[in-house]
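Student: What follows is a predicted protein model with its sequence.
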Number of protein chains: 2
Amino acid sequence: MDTPKNIKKNNPTSDGRNKKLYIIKIGGHVIDNSENLHYFLEDFSDLQGYKILVHGGGKMATELSHTLGIEPKMIDGRRITDIETLRVVTMVYAGLINKNIVAQLQAKKCNAIGLTGADANLIRANKRPVNEIDYGFVGDLDQTSVATHKLSALLEEGLIPVFSAITHDGKGQLLNTNADTIASTIATALAANYETHLVYCFEKKGVLRDVNNEESIITRIASSYFETLKSEGVIAGGMLPKLENAFKAIKNGVKEVYIGKSDELKQLKAQTFGTKLFE
Amino acid sequence: MDTPKNIKKNNPTSDGRNKKLYIIKIGGHVIDNSENLHYFLEDFSDLQGYKILVHGGGKMATELSHTLGIEPKMIDGRRITDIETLRVVTMVYAGLINKNIVAQLQAKKCNAIGLTGADANLIRANKRPVNEIDYGFVGDLDQTSVATHKLSALLEEGLIPVFSAITHDGKGQLLNTNADTIASTIATALAANYETHLVYCFEKKGVLRDVNNEESIITRIASSYFETLKSEGVIAGGMLPKLENAFKAIKNGVKEVYIGKSDELKQLKAQTFGTKLFE
C-alpha cells in the first residue's frame, strides 16, 4: 500500500525544460536473454529522475506463432501483421513481456506502469495505407500521436511508463508499431515539457568506425560531423537510417540521442554511454 | 492528442464520500461473446462519473492452453496455476482481452487504461500458502493490498481503470487472482474516498427465488432479509458464498452491491439493475 509521501516523488524543478527525462528503448537482444534483462532492469531502476522504457518484441512472438502454426507472412522481404499475428504480438508484447518487466521493476522499487498506446489514449497511430504492399495491422505515427498532457501527468505522479510496441487507431483497432519510432515520437512530443534524452540499446557498444572492431566506437557525433561521416562512407547500411532518424529527433527538440549496449547503461549518468549524438 | 481541458474531467464534488464510484466486474459470459461484449462496453461507456472495470478470463485462456498442449492441472477438483498456465493467463487476460477492451472503450470516447495489479503497484497479493493443496501461482488479497492513493490519482486524472485478474507479490512474481475478489477488495479499499457501488455481472438477471424461473428475481435484499432468506433455504449453493462476500463488502464500507445480467447494465442508473444488496 502506498503512502501520501510517495505520490509525487518526481518534481526536481518547476521549469519544465530543466526536467531531464530519459526515454530508453530495448529490443530482442535484451528481452530474449533473462540475465541481460535482469541486469538491464537493475541499471534502469538505479537511473534517477523521470524515465520511460519502450520495449520491442524479440523471439518469443515468433516462437509462439510457430507453435500455433501461424506462418510468418512476408511480402518483398517485409513482415506483414495479419490478424492472427496481431493477436500473438498483443499477447506476447503487451501481456507476457510487458507485465513481467513491470513486476520485475516493482521488485526493484521502481514504480513502473505497463502501457500500450491504447491505454489512456497515449499513442494514437494511423493504420499504414495500402499502396503496393498491404502491411496489415501496422501503425504509423505522426507529431500529433502522443497525448502529451496525460503522459506528463503519469510522470508527475511518480510513475515510470513502460510501453510495449502496440498502439491503436482510436476506432477500436490495435496496431503493431515500430518500437524505435515509438521511442523517438515520445521523445519529440515531450521535448516541450522536458529535456528529453533518447537512448537506443542495441547489440553493439555504439556507432563503430569499423564494424568488425567492437572497440572502434565513435563516442560523439555532432550533426555537422554526421554529414562528414556520411560523405566519407563511414556510416552506411542499417546504421544510416537509424542515425538519420536520431538527428531528425534532435532537430525536433530532443536534447541528445545515445546509441549503445544495454549492459553499459550505468555509464549514461557520466555521459560515457556508447555514442552520443547532438546538435 | 489531448488538451488541458480534458485532464481533470471527473471531480463532481470536493467531498470524497459523495463521489459515486462504480466497480463493475464481468466474466466469461460477457467476454466470450463479442456481441455481448460490444453492447456491454457501450452501456459501460454511457455510465457517467467514476468507474472501474474488472474482467475475468473466459474460454480463450483454456483454448490457448489446449492448443499449446498444456493440460489443465486439477487437484481435488480445484484448478492449479502452474508456471505454464500463468504464462497463458498473463498473455490472454493482461494482453489480448485487456487491450482489446481498452481499444474498444477508447473508440467510445471512454478514456480507459488497462492494468494488472503489478502496474503502479496497484494491487499487491500474497502467493497462496501451500497447505494441503499447492495452488501454484495464485494470489490472495487482504485489506492492505490496494494502493488507494495511486488508484485515486488515476481516477482523478479522468482515467477509467480496466483491471485484468492478474496481480503481483511485489517481489517480481505475477499471480493469477480471482476477479470477484479483486472487485470487492478495490470497492472496500476505496470506500473511504468514494461512495462505492460494486456491480457483479453474471449469467442470470439477479438473485432468483426459484433458480428455474428467470423472472423470480428478488430485487432488493437488506442484510437482515438475507439472514431470513438463508434460514428459509432460499439462498443456497454457489449463490451463498457470493452473497456472503457481498455483505462482507457492505459491512466494510461499500454502499451497495448489485448482482445482475450484463445486458441490463443500463438499468443501473435507475437502480433497477438485477438484485440490490444493502445494509
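Tutor: Now that the structure is in, tell me what you want to look at.
Student: When you work out contacts or count neighbours from here on, use the C-alpha atoms and nothing else.
Tutor: OK.
Student: And for A:Pro72, the neighbour number?
Tutor: The local packing of A:Pro72 (other Cα atoms under 10 Å in any protein chain shown) involves 13 other residues.
Student: Quick check: closest non-adjacent residue to it.
Tutor: A:Arg79 (7.1 Å; Cα to Cα, 6 or more residues apart in numbering or on different chains).
Student: I figured the one you found hits A:Asp134, correct?
Tutor: No: A:Arg79 is beyond contact range of A:Asp134, at 10.1 Å (criterion: Cα atoms under 8 Å).
Student: tell me the phi and psi of the residue nearest to A:Pro72?
Tutor: Main-chain torsions, A:Arg79, degrees, to the nearest 10: phi -80, psi 140.
Student: repeat for A:Phe163
Tutor: Torsion angles, degrees, to the nearest 10, at A:Phe163: phi -100, psi 130.
Student: Please name the residues that touch it.
Tutor: Going by Cα atoms under 8 Å, 6 or more residues apart in numbering or on different chains, A:Phe163 touches A:Ile52, A:Leu53, A:Val54, A:His55, A:Asn98, A:Gly114, A:Leu115, A:Thr116, A:Gly117.
Student: what sits opposite it in the beta ladder?
Tutor: Assessed by DSSP bridges, A:Phe163 has beta-bridge partners A:Val54, A:Leu115.
Student: And for the one 4 residues further on?
Tutor: On DSSP bridges, the residues paired with A:Thr167 through beta bridges are A:Leu175.
Student: got the contact list for the nearest residue to A:Gly95 once chain neighbours are set aside?
Tutor: Leaving aside its chain neighbours, A:Gly95 sits nearest to B:Gly95 (3.8 Å; criterion: Cα to Cα, 6+ apart). Contact partners of B:Gly95, counting by Cα under 8 Å, 6+ apart, are A:Thr90, A:Met91, A:Val92, A:Tyr93, A:Ala94, A:Gly95, A:Leu96.
Student: could you redo the last one with a cut-off of 6 Å?
Tutor: By Cα atoms under 6 Å, 6 or more residues apart in numbering or on different chains, B:Gly95 lies in contact with A:Thr90, A:Met91, A:Ala94, A:Gly95.
Student: Chain B contacts on chain A?
Tutor: Residues of chain A lying near chain B by Cα under 6 Å from any Cα of the partner chain: A:1-2, A:90-92, A:94-96, A:103-104, A:107, A:111-114, A:118-120, A:144, A:146-147, A:170-172.
Student: which stretches of the stretch 151-279 of chain A form helices?
Tutor: A:179-189, A:223-231, A:239-251 (DSSP state H, counting those that start in this stretch).
Student: Could I get the contacts of B:Gly95 in a markdown table, plus columns for secondary structure and pLDDT?
Tutor: Written out in a markdown table, the entries for these read as follows (DSSP: H, G, I helix; E, B strand; the rest coil; pLDDT from 0 to 100):
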| residue | secondary structure | pLDDT |
| --- | --- | --- |
| A:Thr90 | helix | 98 |
| A:Met91 | helix | 97 |
| A:Ala94 | helix | 98 |
| A:Gly95 | helix | 98 |
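Student: A:Phe40 and chain B: what is the separation?
Tutor: Distance from A:Phe40 to chain B, counting by Cα to the nearest Cα, to the nearest Å: 15 Å.
Student: now A:Cys201
Tutor: Counting by Cα to the nearest Cα, the gap from A:Cys201 to chain B is 23 Å.
Student: Which strand residues bridge that residue?
Tutor: The partner residues for A:Cys201, given DSSP bridges, come to A:Gly260.
Student: Tell me how many other residues crowd it.
Tutor: Using other Cα under 10 Å, A:Cys201 has 23 neighbouring residues.
Student: how far away is it from A:Ile235?
Tutor: 18 Å (Cα to Cα, to the nearest Å).
Student: can you check A:Ile182 too?
Tutor: 24 Å.
Student: now A:Lys20
Tutor: Distance from A:Lys20 to A:Ile235, by Cα to Cα: 29 Å.
Student: Over to A:Val162?
Tutor: Distance from A:Val162 to A:Ile235, by Cα to Cα: 31 Å.
Student: same deal with A:Glu132?
Tutor: 30 Å.
Student: Repeat that for A:Lys242.
Tutor: Separation of A:Lys242 from A:Ile235 (Cα to Cα): 10 Å.
Student: same check, this time on A:Ile31
Tutor: The separation that A:Ile31 has from A:Ile235, given Cα to Cα, amounts to 27 Å.
Student: again with A:Asp82
Tutor: Separation of A:Asp82 from A:Ile235 (Cα to Cα) stands at 34 Å.
Student: These two: which is more packed in?
Tutor: A:Ile235 (21 against 17).
Student: which ones are touching the more buried one?
Tutor: Contact analysis of A:Ile235 by Cα under 6 Å, 6+ apart lists A:Leu229.
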